[in-house]
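J.: prediction below, plus the sequence it came from.
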Amino acid sequence: MCYTPEEIYKQNKDLLCTNPNEIKNAENFRNQAVTQLEHHATNNDSYDVCKWTPLHFATFYRKKHEDTIVQRILFQYFHSNKISEDKTIIVMASPNINDHNSKNKDSYKNTLIENANLFKTDIDSEDDIRNGQLEKKILNIAGYLIEKKISHVNITYLEAIDGNRYIDI
């Protein structure tokens with residue numbers, strides 16, 4: 001069964017946050033995540049080029065930010081007439097969520113997005129999370145920066161996940 005956006009909203013509107021402070025913190029967190037993704041996707045400081053594949057027009061980069069490994073992949077797409085203009089950022093990051101995990105009560109610290117540490121919220125997690133049956137991963141930041149150039153489109157993927165192994169290149 002496929003629900004419309006309106007049906008999904010009606011079924012879940014009781015789950016929406018109504019706390020004005022939490023809404024403001026979520027907006028600040030989102031804005032800083034976008035800013036940080038653009039910074040790490042475009043700034044070349046401290047990145048090492050790990051591999052360049054001319055056949056696929058891709059370059060793999062890696063750097064260390066505090067104790068977090070940040071990875072970046074730059075793809076170049078040369079059929080830009082099929083892509084819309086401007087710049088697009090798609091970003092994901094973890095806020096400071098209390099998931100009531102009984103076995104992992106480590107304090108959350110996002111090393112890339114300060115507002116993530118300020119945006120604290122509780123969730124009603126499922127039993128497998130509460131009982132510590134799942135391994136906790138912290139997504140500091142991940143996403144795409146898509147930029148149209150004159151002759152091509154650059155697509156940069158960036159990720160920094162605590163507890164995650166880096167991409168073997």
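T.: Okay, I see it.

J.: sort out which residues of the helix or strand containing Thr156 are buried, please.
T.: With elements taken from DSSP states H and E, the one containing Thr156 is strand 153-162. Residues Val153, Asn154, Ile155, Thr156, Tyr157, Leu158, Glu159, Ala160, Ile161, Asp162 are the ones in strand 153-162 that count as buried (16 or more other C-beta atoms under 10 Å). C-betas here are computed from N, CA, C, even on glycine.

J.: and if you look at stretch 113-123?
T.: Buried-residue list, stretch 113-123, by 16+ other C-beta under 10 Å: Ile113, Asn115, Ala116, Phe119.

J.: what does the last one show for phi and psi?
T.: When quoted as degrees, to the nearest 10, the phi and psi of Phe119 stand at phi -90, psi 90.

J.: how many neighbouring residues does Lys63 have?
T.: 17 (other C-beta atoms under 10 Å).

J.: report the contact partners of the closest residue to His40 other than its chain neighbours.
T.: Sequence neighbours aside, Leu158 is the residue nearest to His40 in space, at 5.4 Å (criterion: C-beta to C-beta, 6 or more residues apart in numbering). Residues in contact with Leu158 (C-beta atoms under 8 Å, 6 or more residues apart in numbering) are Leu37, His40, Ala41, Val70, Gln71, Arg72, Ile73, Ile141, Ala142, Gly143, Tyr144, Leu145.

J.: tell me the bridge partners for the fifth one.
T.: Spelled out, it's Gln71. With beta bridges defined as DSSP bridges, Gln71 has these partners: Arg62, Glu159.

J.: in this structure it contacts His65, no?
T.: No. Using C-beta atoms under 8 Å, Gln71 is not in contact with His65, being 10.9 Å away.

J.: which neighbours do those two have in common?
T.: Ala160.

J.: before we move on, the earlier item: in TSV: the buried residues of stretch 113-123, plus secondary structure.
T.: Shown next, in TSV, are the buried residues of stretch 113-123 (DSSP: H, G, I helix; E, B strand; the rest coil):
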residue	secondary structure
Ile113	coil
Asn115	helix
Ala116	helix
Phe119	coil
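
J.: I'd like to know which of these is nearest to Thr18.
T.: Of all those, Phe119 has the smallest distance to Thr18: 15.9 Å, by C-beta to C-beta.

J.: check that closest one and give its pLDDT.
T.: With respect to pLDDT, Phe119 scores 77.

J.: surely it and Asn98 touch.
T.: No. Using C-beta under 8 Å, Phe119 is not in contact with Asn98; the gap is 11.6 Å.

J.: picking up where we left off before, need the contacts of Leu158 in JSON lines with neighbour count and secondary structure, can you?
T.: Listed next are those as JSON lines, based on neighbours: other C-beta atoms under 10 Å; DSSP: H, G, I helix; E, B strand; the rest coil:
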{"residue": "Leu37", "neighbour count": "26", "secondary structure": "helix"}
{"residue": "His40", "neighbour count": "25", "secondary structure": "helix"}
{"residue": "Ala41", "neighbour count": "25", "secondary structure": "helix"}
{"residue": "Val70", "neighbour count": "23", "secondary structure": "strand"}
{"residue": "Gln71", "neighbour count": "21", "secondary structure": "strand"}
{"residue": "Arg72", "neighbour count": "22", "secondary structure": "strand"}
{"residue": "Ile73", "neighbour count": "20", "secondary structure": "strand"}
{"residue": "Ile141", "neighbour count": "28", "secondary structure": "strand"}
{"residue": "Ala142", "neighbour count": "19", "secondary structure": "strand"}
{"residue": "Gly143", "neighbour count": "22", "secondary structure": "strand"}
{"residue": "Tyr144", "neighbour count": "17", "secondary structure": "strand"}
{"residue": "Leu145", "neighbour count": "23", "secondary structure": "strand"}
